[in-house]
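# what's the 3D shape of this:
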Amino acid sequence: MDRRDFLRLLGVGAIAGNAAGWGPGRNAYAAGVEGMYDVPRLGNARLLHFADCHAQLMPVYFREPNVNIGVGDRTGKMPHVVGEAFLRATGIPPGTPEAHAFTYLSFEAEARQLGKVGGFAHLATLVKKLRAEGPGGKALLLDSGDTWQGSGTALWTRGRDMVGACNLLGVDIMTGHWEFTYEEDEIRANIDAFGGEFVAQNVMLTEDAAFFDVPSFDEDGHAFRPYTVKHVGGHKVVVIGQAFPYTPIANPSRFIPNWTFGIRAEELQTLVDEIQKDIDPEAVILLSHNGMDVDLKLAAVTSGIDFILGGHTHDGIPVPSVVKNAAGGRTVVTNAGSNGKFLGVLDLNLGLGRVRDYRYTLLPVFSNLLPADDEMTAYIEGARAPYREKLEESLAIAETVLYRRGNFSGTFDQLICDGLRAVGDAQIALSPGFRWGTSLLPGDPITMDRLLDQTCITYPETYVREMTGEEIRLILEDVADNLFNPDPFYQQGGDMVRVGGMNYVCDPLEVIGKRISNMTLDSGEAIEAGKTYKVTGWATVGSQAPGAPVWEVVAEYLRSEKTVRIDKLNTPVLKNVDNNPGIADYPS
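Numbering: from 1, shown residues only. All right, here's what the predicted structure looks like:
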């Protein structure tokens, strides 16, 4: 497919015509669209990268956060910059397709103009184009994980629909996180069915598992292949896997009792040193699911890693960070967003045993601008067909933009909390701060498909129980420390637990135990430490809760409501965030 044919399929003329009617400055759309998917080749090796697609086979809307606060030495630095500050930091002009892709600004209007993002059929078209334009018509496709979870069909097929889709897409190497929320035998079966390689240097057998001869990849006790060697454009490239280090803490360990996780920075350094000595590659890539802040610190305390292509925190980063380490070397760190919304392109000029030059481009995947690949379209239709009637049930109509992403709350999170409280007749609702979950525009039907995008996990059971005010405060403090600990190695990703029926004050710059104060019910009544309150929630990690799956509870609420309008969020009053570029358009 040559450039002219590709641009014809993009429908550039139609988009440009629409843009011209938007008034002064909107012609930036036409210019931006026409060249968007032209990535001139640099060097002799090409790598493609995506992360955190969360099983979204179909195009979706996805609103970027207006709150992504950095603390300590990460204050005001990527990825903790939002909105207009993000555009200034990256040099992206306002009023362009890229400005819409990377920020929350004018989300509804821009989404109606440019349409949905992602979708594996559209992603497949872009992957094929960029591969064909790579050296020798080839490129490595890397996946940072969170691929087998996030949709109804992934839940019901135990991730197998995504394995098939990734095989068709041509994923060469992946690592994982939510992949580990299935049972161990299901994970192994999916890896066996996967056409690429699953790598994770930081997942080991437990001592008990090793004693009882649970299968491992090697005698060192790695549960999976720690790294792989690839020849790209005739040059040796090593890709090391780094799975999510806190999986048994953030998710139920009962699903994977034989495996132990961790950042394992010292072991990683030892492995890199061995690779440099024994294999002598021209580039070392860490395919990571650490989250960007963790990757940035890891890059500073290790040496010999050329690039970290990361995921987990869902940050779309068009301009990579270059980190200098103690040994005097440099590592380039980036993160490729989520929900199939972006595809990273890393072009390398390799030679003389090293990386001589590189160029990185993060492309938004606009489904209206990329034709759907026929083969992938047929696969997706087949994967969804057995569940179509259930997925397409319309539960209610959205009257406001519904979204999740943001440090403290989102309108879809509020909807979930409202539904839990109404059905459970509870004073307070607690909902986990997951970063996955798609967005809807006003007038869109809230289908079971979209509800499952927000809730479908393997431990979805709800609870209603009595909690003291002190227990509630301790929960909030614990999650806040995970989010705002100034040491990235103590951050586990995700956002603040969402609350319904209550309000509080949060100071992100305080220490643990002092960040949360002034908790009140919606009525204004103070929440007292020794008093008990009726609390509902879901997604318990330690043990299985007794109630119905959360999607059944919220669906019951939505069917009775018919329409949903969220005018108020139970989002905290914040202290010490003035002039922080990681927060904008915040209500308090």
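# what comes up buried for the host helix or strand of Gly164?
Secondary structure assignment for Gly164, by DSSP states H and E: helix 160-169. For helix 160-169, the neighbour count (16 or more other CB atoms under 10 Å) marks Arg160, Asp161, Met162, Val163, Gly164, Ala165, Cys166, Leu168, Leu169 as buried. In this view, the C-beta of every residue, glycine as well, is placed from N, C-alpha and C.
# One more: stretch 443-452?
For stretch 443-452, by 16+ other CB under 10 Å, it's Asp444, Ile446, Thr447, Met448, Asp449, Arg450, Leu451, Leu452.
# and the first one, what is it in contact with?
Read that as Asp444. Asp444 sits next to Ile397, Ala398, Leu402, Arg450 when contact means CB atoms under 8 Å, 6 or more residues apart in numbering.
# And the third one, by the same measure?
Contact analysis of Thr447 by CB under 8 Å, 6+ apart lists Leu391, Glu392, Glu393, Ser394, Leu395.
# biggest separation within the buried residues of stretch 443-452, which pair?
Based on CB to CB, the longest span within those runs between Asp444 and Leu452 and measures 15.1 Å.
# how does this structure divide up, domain by domain?
Per automatic domain parsing, the domain ranges recorded for the chain read 36-61+115-381, 392-574.
# Rebuild the ones you listed as TSV, extending it with mean pLDDT and distance to Glu98.
Listed next are the domains of the chain as TSV, based on pLDDT from 0 to 100; distance: least, CB to CB, whole Å:
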stretch	mean pLDDT	distance to Glu98
domain 36-61+115-381	97	6
domain 392-574	97	18
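# Let me know which of those domains is tucked in deepest.
Most buried of the domains of the chain by mean neighbour count (mean count of other CB atoms under 10 Å) is domain 36-61+115-381; its value is a mean of 21.
# Excluding sequence neighbours, find me the nearest residue to the residue positioned nearest the centre of the chain.
For the chain, the residue nearest the mean C-alpha position is His314 (3.4 Å; CA atoms, centre = their mean). With CB to CB, 6 or more residues apart in numbering as the criterion, His314 has its nearest non-adjacent residue at 3.9 Å, and that residue is Ser338.
# Figure out the helix or strand that the one you found lives in.
Ser338 belongs to no helix or strand, assigned by DSSP H and E.
# pretty sure it contacts Val60?
No: applying CB atoms under 8 Å as the test, Ser338 and Val60 come out as separate, 10.3 Å apart.
# Now do the helix or strand Thr536 falls within: distance to the chain's middle.
In this structure, Thr536 sits in strand 532-538 according to DSSP H and E. Relative to its chain's centre, strand 532-538 lies at 28 Å (CA atoms, centre = their mean, to the nearest Å).
# thinking again about what came up before, and the buried residues of stretch 443-452, which of them are in strands?
Ile446, Thr447 (DSSP state E).
# would you turn the buried residues of stretch 443-452 into CSV with distance to Val323?
Output for these, formatted as CSV (distance: CB to CB, whole Å):
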residue, distance to Val323
Asp444, 41
Ile446, 42
Thr447, 43
Met448, 43
Asp449, 40
Arg450, 38
Leu451, 40
Leu452, 38
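# Go through the buried residues of stretch 443-452 and say which is closest to Glu556.
Distance to Glu556 across the buried residues of stretch 443-452 (CB to CB) is lowest for Leu451, with 11.1 Å.
# Tell me how far the closest one lies from Tyr360.
Per CB to CB, to the nearest Å, Leu451 is found 36 Å from Tyr360.
# got it, and Ala336?
Between Ala336 and Tyr360 the computed distance is 10 Å (CB to CB).
# anything in contact with each of those two?
Counting by CB under 8 Å, 6+ apart, the contacts common to Ala336 and Tyr360 are Gly344.
# relative to strand 532-538, how tilted is the longest helix along the chain?
When the chain is parsed with DSSP state H, its longest helix is helix 469-484. Interaxial angle, helix 469-484 versus strand 532-538 (axes from the mean of the first three to the mean of the last three CA atoms, to 10 degrees): 40 degrees.
# list the helices and strands helix 469-484 packs on?
Under the contact definition 3 or more CB pairs under 8 Å, 6 or more residues apart in numbering; DSSP states H and E, helix 469-484 sits against strand 428-433, strand 495-500, strand 502-506, strand 516-521, strand 532-538.
# Next secondary structure after the longest one?
I take that to be strand 532-538. helix 550-561.
# And that next one, what does it pack against?
Here helix 550-561 touches strand 394-398, helix 411-424, helix 448-455, going by 3+ CB pairs under 8 Å, 6+ apart.
# Contacts for the second one next, please.
For helix 411-424, contacts defined as CB under 8 Å, 6+ apart pick out 400-404, 426-431, 433, 437, 439-440, 454-455, 462, 464, 498-501, 534, 536-538, 547, 550, 553-554, 556-558, 564, 566, 568-570.
# at 7 Å instead, please
Contacts with helix 411-424, where a contact means CB atoms under 7 Å, 6 or more residues apart in numbering, come from 400-404, 426, 429, 431, 437, 454, 462, 464, 498-501, 536-537, 553-554, 556-558, 564, 566, 569-570.
# Same check on the shortest one?
Applying CB under 7 Å, 6+ apart, the external contacts of strand 394-398 come out as 440, 442-448, 451, 555, 558-559, 561-564.
# Much appreciated, bye for now.
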